[in-house]
Structures are given as C-alpha cells and as structure tokens.
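Asks: structural data only, the sequence is not supplied:
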Ligand code: C2E
Ligand code: MG
Ligand code: MG
C-alpha cells in the first residue's frame with residue numbers, strides 16, 4: 001500500500017471510530033439525567049486584592065455506567081446538537097441555586113456562583129421565564145448567580161441576546177463572557193451585551209510569560225474592561241508567577257489550579 005493510501009485509510013478508520021463513539025455517547029446521554037449520572041464540581045475564584053474567595057464556577061461532570069468520566073468539552077456539544085442541553089441545563093441551574101443557597105445559609109452571601117449557559121439554552125423562548133420561576137421557587141438571590149456565556153455566538157445573534165441579557169440584568173443576574181479572546185472577540189459584544197465580567201481565556205494566560213504578544217493582549221483586555229467598568233477573571237492560572245503578573249496588570253480575579261482545582265460541594269463550602 002502506498003504511504004498516502006495508508007494514511008487515508010488510517011484517517012477514515014479514526015473518523016469511523018469517533019463517529020461510533022459519538023453515537024454511543026449520544027444514546028447513553030438520553031438516559032443519563034434519569035440515572036443520576038451527572039454531578040457538579042465547584043472551582044473557587046480568588047479576588048486578587050483581598051486574596052480571598054470571590055466566587056465559584058460550577059462545572060458539569062458525567063460518569064458513564066461503565067465508570068468512565070467524560071469531559072464536558074466532549075459531551076456538552078453532543079447535547080447542544082440534539083437539544084438535551086435544555087433539560088440538563090435546567091438541572092444544572094437548579095443544583096447551582098441550591099449550592100448558592102447553601103453558601104448564603106453559611107453566611108457567605110457575597111460569594112457568587114458562575115454557571116455555564118449554552119447559547120442553545122438562551123435561545124429557548126422560555127429561558128427568561130424558566131430561570132426566574134426557578135429562583136423564585138427556590139428563594140435564590142439572582143445577584144448570587146453569574147451566567148457565563150461563551151464567546152462563540154455569531155455576531156448576527158448578538159441583537160437577540162442583547163435584549164435577553166438586558167432583562168436578566170434588570171432582574172438582578174450577573175453576566176460574564178467566557179473564554180474571551182479566542183472566539184470572535186468582537187467589541188460589539190462588550191458594547192451591546194453589557195457584561196459584568198470578562199473571563200480571559202487560558203490560551204493567553206498559558207503564553208503570557210513566554211510571549212510579549214499574549215501579555216499585550218491580556219493588558220489590552222484588562223485596560224478596556226476597566227474603562228468599561230467590567231471585572232476581569234483570568235482562567236487557568238497554574239503558577240504563582242502568572243498570579244503576580246496578572247495582579248500587576250490589575251486583573252481583578254483569577255481561577256485555576258494554582259488557587260484550587262474544582263471541588264465537591266462539601267469541599268467547596270469548607271474552602272470559603
Ligand atoms: P470553561 O467554562 O471555560 O471552564 C473552564 C475549564 O478549565 C474547566 O474544564 C476547568 O476544569 C478547566 N480548568 C480550570 N483551571 C484550570 C487550570 O489551571 N489548568 C487547566 N489545564 N484547566 C483548568 P472542564 O470542567 O473540563 O469544562 C470544559 C468546558 O465545558 C467549560 O469551559 C464549559 O465551556 C463547558 N461546561 C462545563 N460545565 C458546563 C455546564 O454546566 N453547561 C454548559 N453548557 N457547559 C459546561
Ligand atoms: Mg465557564
Ligand atoms: Mg472559560
């Protein structure tokens with residue numbers, strides 16, 4: 001067999017294996033919620049001025065029946081394609097409200113909990129009604145929740161979302177833009193959607209000590225955000241050196257393994 005034929009053959013069989021894994025995961029995901037296979041972990045965020053916990057980010061975990069832990073980076077896109085993200089996202093929100101209530105009951109009402117919201121969820125016509133009904137039923141203060149929206153939405157989708165985020169903010173929710181800098185990075189996001197917080201993607205944090213270009217990009221995101229009165233959270237901070245540079249750049253908060261990995265509910269409450 002010629003080398004090109006061999007490589008093509010290998011590529012096709014890899015694609016087939018990926019496709020069949022996707023099919024298996026898709027099938028299993030449809031019953032995963034009913035089998036209680038999901039749980040959340042909570043990663044602390046540190047306020048760089050006080051050095052204390054300023055918030056948490058709730059991250060979804062899925063343990064398959066065979067015991068395998070599947071990354072949300074792999075299974076969330078499948079649920080976004082087949083619409084399962086709607087019931088799963090609702091379950092996540094309910095769980096996060098309960099976690100936030102537990103923080104409040106222990107006297108930590110100033111600590112916010114971030115929750116990742118997929119654009120597919122936000123595009124649901126009843127998203128606003130559902131989330132407001134939920135916080136009213138559970139007695140959760142909306143300002144204790146931070147809705148994280150990723151930057152991967154198309155610029156054409158901004159107008160519709162601007163109206164929704166305005167209503168959410170009026171109702172008291174706080175809103176963040178996630179993974180900033182790696183998607184479209186359109187300045188119209190910052191203009192139209194009026195975020196409370198920008199989360200700087202780990203991509204730049206990883207490179208900022210080795211490359212001036214990444215550091216300049218971080219510097220400009222922070223400078224612009226400060227002028228617009230938007231807080232900045234650097235993601236994926238793994239070393240003390242990175243922390244010092246981010247503090248120097250006047251980043252407001254950090255999240256990453258240096259401060260803490262994601263924790264269980266119980267561990268998170270005792271971390272405060
Ligand atoms: P994200 O929202 O940007 O979450 C941050 C990711 O970085 C998490 O991965 C977290 O565990 C990881 N991380 C945090 N600190 C460090 C660090 O210092 N080093 C390294 N190497 N990684 C770090 P995770 O939990 O695998 O989540 C991946 C993505 O899946 C999330 O990215 C988010 O986009 C999505 N996701 C997670 N939970 C949910 C959810 O409940 N709903 C939706 N729609 N998406 C979710
Ligand atoms: Mg996030
Ligand atoms: Mg992120």
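Replies: Happy to help now that I have it. From a predicted model like this one, the values you see are computed outputs, not experimental measurements. Ligands and ions are numbered 1, 2, ... in the order given.

Asks: what's the burial count for residue 33?
Replies: The number of residues packed near residue 33 is 16, by other C-beta atoms under 10 Å. The C-beta positions use only the backbone N, C-alpha and C, and glycine is treated the same way.

Asks: wait, it sits on residue 89?
Replies: No. Counting by C-beta atoms under 8 Å, residue 33 does not reach residue 89; the two are 10.7 Å apart.

Asks: helices along the chain, start to end?
Replies: 3-32, 72-82, 85-105, 119-122, 127-138, 158-170, 187-193, 202-207, 212-227, 240-248, 265-271 (DSSP state H).

Asks: run through who's touching the last one.
Replies: Meaning helix 265-271. With C-beta atoms under 8 Å, 6 or more residues apart in numbering as the test, helix 265-271 has contacts from 40, 41, 42, 44, 53, 56, 99, 102, 103, 106, 260, 263.

Asks: distance of the first one from residue 270?
Replies: What that stands for is residue 40. 16 Å (C-beta to C-beta, to the nearest Å).

Asks: could you dump the contacts of helix 265-271 into JSON lines and include neighbour count?
Replies: Listed next are these as JSON lines, based on neighbours: other C-beta atoms under 10 Å:
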{"residue": "40", "neighbour count": "22"}
{"residue": "41", "neighbour count": "17"}
{"residue": "42", "neighbour count": "24"}
{"residue": "44", "neighbour count": "23"}
{"residue": "53", "neighbour count": "20"}
{"residue": "56", "neighbour count": "30"}
{"residue": "99", "neighbour count": "22"}
{"residue": "102", "neighbour count": "15"}
{"residue": "103", "neighbour count": "22"}
{"residue": "106", "neighbour count": "12"}
{"residue": "260", "neighbour count": "18"}
{"residue": "263", "neighbour count": "16"}
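
Asks: if I look at the closest residue to residue 241 other than its chain neighbours, how far off is residue 18?
Replies: Among residues not flanking residue 241 along the chain, residue 209 sits closest, at 6.2 Å (C-beta to C-beta, 6 or more residues apart in numbering). To residue 18, residue 209 is 35 Å away according to C-beta to C-beta.

Asks: remind me which residues of the stretch 151-272 of the chain are low pLDDT?
Replies: 152-156, 185 (pLDDT under 70).

Asks: near ligand 1, which residues of it are found?
Replies: By C-beta under 6 Å from any ligand atom, the part of the stretch 151-272 of the chain that sits against ligand 1 consists of 178, 179, 235, 236, 238, 255, 256, 257, 262.

Asks: same deal with the stretch 1-150 of the chain?
Replies: Counting by C-beta under 6 Å from any ligand atom, the stretch 1-150 of the chain sits next to ligand 1 at 43, 59, 60, 71, 72, 73, 76, 92, 116, 118, 150.

Asks: the same query, at a cut-off of 5 Å, please.
Replies: 59, 60, 71, 72, 73, 76, 92, 116, 118 (C-beta under 5 Å from any ligand atom).

Asks: looking at those, which has the smallest pLDDT value?
Replies: Of all these, residue 118 has the smallest pLDDT value, namely 93.

Asks: neighbours of that residue, just the number please.
Replies: So residue 118, with other C-beta under 10 Å, has 21 neighbours.

Asks: how about the residues of the stretch 101-250 of the chain by ligand 3?
Replies: 178, 179, 235 (C-beta under 5 Å from the ion).

Asks: spit out the contact partners of the first one.
Replies: Neighbouring residues of residue 178 by C-beta under 8 Å, 6+ apart: 116, 148, 149, 150, 151, 199.
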